[in-house]
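K.L.:
Okay, sequence plus prediction incoming.
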Amino acid sequence: MSSLAKRKPPSLVMLSTVFVLFWLVVAAFPFLWTMWGSFKVEGDFFSRADWMNAITGPVTQRQHGSAFTLAGYEGAWIQQEFWRSVVNTAIVTLFVVIISLTLGTLGGYALARSGFKYTFWLLMAALVFRAMPHVTLVSGYLLPFFQLNIWGFLPTTIIVLVAINQPFTLWMLHSFFLSIPKDLDEAAMVDGCTRFQAFRLAIIPVMWPGVITTGLFSFLLAYNDFTVTSMLLTQENATMIPKINSFLGSTQEEGKVMYAVAAVVSAIVPLFALILFFQRQIVSGLTAGAVKG
Amino acid sequence: MPHKTFMAFIWPSLLAMILFIALPILSVGYQSLFIEHEQILIETETCGPFGCTAEVSVDSAAMADLRAEKPAGRYNGLGTYTNASHLAFDEITEIFATSDNFTEIRTRIMNLPFYKALIFTLAYTFIVTPLVIILGFIIALVVNSIPRFLKGPVIFFSLLPMIVTPLVGSLVLFWMIDSRGIIGAALQALFSDPSLSLKASPALTWVTLFVYGVWHSAPFAFVVFYAGLQTVPQDTLESAMVDGASRWERVRFVTIPYLMPLATFIALMQLMDNFRVFEPIIGFSAAASATSLSYLIYNDLRAAESPLFGSAAATSMLTIIGVIILLLPVLRRNWREFNRKT
């Protein structure tokens, strides 16, 4: 195709440039705005007088002597013990990712290599399970968990999140293993390996791209979860997102809302870093289901 | 793979799903047949200088015993399903019998909590999903045409609304649309109406939630379509061009048909995710004007004194039925495809 044929009329170029800029503002501006505002006091971030105050920060200057203040972060992290929730979130996400990947790899491999009809039914069941609103499942857990006295602990939540995550992990790894040629592990088995040895020696070395991508989504599920963690954990064991929600109840007091803003920004920053490093994997993960499913 | 090896590989995953997804559904079904114990009241008489007064109070010790003995509550059959806060058959019959016109029927039905939530959930699902697909497609088309070195950063920023936790994302927007926040103040200035508030009227709250939903999910559709656009066969596009198809006609007759399967995939994912809309309602503090099925369950479980397990379970069962109805066409299609393959 000649480059002349590909060339666009200037009006179209203008239009698409404007549209891209518009979309970038819509997508990114709220986060940048909130990040900037988290270093101000409430009087500036929620300014009655002039919205420019949130950028320049005259009230912050008056109260703290400079246009930026860490008061919100100090209140959230130290006074309200947000650091505790951060530690809890770290524990929960780490274990959820490790356990659900271990179970999911084994299960996904089995589903990809078995040709029997029940694999179809298992995958369909997984699809239905994936569509279940999490809160319906939580309403099933609460009473038994109270009875068994396992409500409120981190391990319970970790196992629940792993289970909720399984349908998705299975689908994703199943379609990934389908893309690894069967010959690879079958050749290993012809050479005298058992099925498990073939998995360990032939499949594990080549499965990391798919596992990393799936792991990212397991991480996001555990990190972003509100429904399960808010209903199954005690106040002391709360993870970040329920903790942020609990700040909101006490926002009537002057300045408290800035604690929530600071906590929200603290929860967003790791996700920024995640996209920065794993953008390619996230994109390929999102499309994996589409291309093969 | 023999059955035995298959089981050896899949049992941990299967066990987790049975224990924490299948059994809870059964547990929900069981709980939905029960309701809370009636309160055991005891009358105590306190006598003072001005005579005796009888006081009725809840016997908490006896209640605790009863709860320990029968944790699920007392048997109620399908009563919870048909009561006023769920399917409300009696109320519906009465509304249809006594209302004069359609508007009245509509307003009265919207006052029943279950129907209010159901209507919002369906509206959210079926308004947000198509908008997400359309917006995502447009963004993908446009981004595909910009210079290569800009694509990376654009995708980076585009992913943000989707990756960020729904509760956090909705809070960020909620603070901006506050009448003292930047968008809220800008809207007031734009319409020169200082009392304009997106939180005040139910209709505006619905619109806000829809906008949030589109904002949150459009990046997903964008990324999927964008990846699809890379694989559109160039030959077909070229031959369309040779045949004199305009830019728009090429999109209309080559690109869109080629991307149709992806649109189905996005629609499926979005239907599932939007049907359980829940966190935005909390983030936007919108429960007064918009509740969803998931929110009703959450609210029952969060009830002030003791969780209303029976009520929450009944709503859950109805939601699960809704999910299955939603998925039936997909399941049928998959079944046909699977049969064709084997």
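P.N.:
Sure thing, it's come through.
K.L.:
State the pLDDT value of the closest residue to B:Ala245 other than its chain neighbours.
P.N.:
Counting by C-beta to C-beta, 6 or more residues apart in numbering or on different chains, B:Ala245 lies nearest to B:Phe253, which is 6.8 Å off, once chain neighbours are set aside. Just so you know, the C-beta spots here come from the backbone N, C-alpha and C atoms, and that holds for glycine as well. With respect to pLDDT, B:Phe253 scores 90.
K.L.:
Any stretches of the chain with poor pLDDT?
P.N.:
Going with chain A. A:1-7, A:48-49, A:249-255, A:288-293 (pLDDT under 70).
K.L.:
try chain B instead
P.N.:
If you take pLDDT under 70 as the line, chain B has these spans: B:304-305, B:341-342.
K.L.:
Where do the strands of it begin and end?
P.N.:
Assigned strands in chain B, in chain order: B:34-35, B:41-48, B:51-58, B:74-75 (criterion: DSSP state E).
K.L.:
Using CSV, please lay out the ones you listed together with distance to chain A and mean neighbour count.
P.N.:
Output for those, formatted as CSV (distance: least, C-beta to the nearest C-beta, whole Å; neighbours: other C-beta atoms under 10 Å in any protein chain shown):
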stretch, distance to chain A, mean neighbour count
strand B:34-35, 10, 22
strand B:41-48, 25, 9
strand B:51-58, 20, 9
strand B:74-75, 14, 11
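K.L.:
Determine which of those approaches B:Ile127 most closely.
P.N.:
Nearest of these to B:Ile127, taken as C-beta to C-beta: strand B:34-35 at 34.8 Å.
K.L.:
just to revisit the earlier point, now the strands of chain B as JSON lines including distance to A:Val269?
P.N.:
Compiled in JSON lines, the strands of chain B are given as follows (distance: least, C-beta to C-beta, whole Å):
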{"stretch": "strand B:34-35", "distance to A:Val269": "45"}
{"stretch": "strand B:41-48", "distance to A:Val269": "54"}
{"stretch": "strand B:51-58", "distance to A:Val269": "48"}
{"stretch": "strand B:74-75", "distance to A:Val269": "50"}
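K.L.:
for the ones you listed, which one sits closest to B:Arg108?
P.N.:
Among the strands of chain B, strand B:34-35 sits nearest to B:Arg108 (C-beta to C-beta), with 25.2 Å.
K.L.:
Tell me which strands the closest one pairs with, and in which orientation.
P.N.:
strand B:74-75 (antiparallel) (DSSP bridges).
K.L.:
can you give me phi and psi for A:Leu233?
P.N.:
When read as degrees, to the nearest 10, the backbone of A:Leu233 gives phi -120, psi 150.
K.L.:
That one reaches A:Thr239, doesn't it?
P.N.:
Yes. A:Leu233 is within contact range of A:Thr239, at 6.8 Å (criterion: C-beta atoms under 8 Å).
K.L.:
residues shared between the contacts of those two?
P.N.:
A:Asn88 (C-beta atoms under 8 Å, 6 or more residues apart in numbering or on different chains).
K.L.:
Which one's more surrounded, the two?
P.N.:
Per other C-beta atoms under 10 Å in any protein chain shown, whichever of A:Leu233 and A:Thr239 has more neighbours is A:Thr239, with 28 against 22.
K.L.:
just checking, the more buried one touches A:Thr89?
P.N.:
Yes. Counting by C-beta under 8 Å, A:Thr239 touches A:Thr89, with 4.4 Å between them.
K.L.:
With adjacent residues omitted, what lies nearest to B:Ile95?
P.N.:
B:Arg108 (4.7 Å).
K.L.:
What is the neighbour count of that neighbour?
P.N.:
Neighbours of B:Arg108 (other C-beta under 10 Å): 17.
K.L.:
ditto for the one 5 residues further on
P.N.:
Other residues near B:Pro113 come to 17 when the count uses other C-beta under 10 Å.
K.L.:
And the one 5 residues further on, by the same measure?
P.N.:
Neighbour count for B:Leu118, taken as other C-beta under 10 Å: 21.
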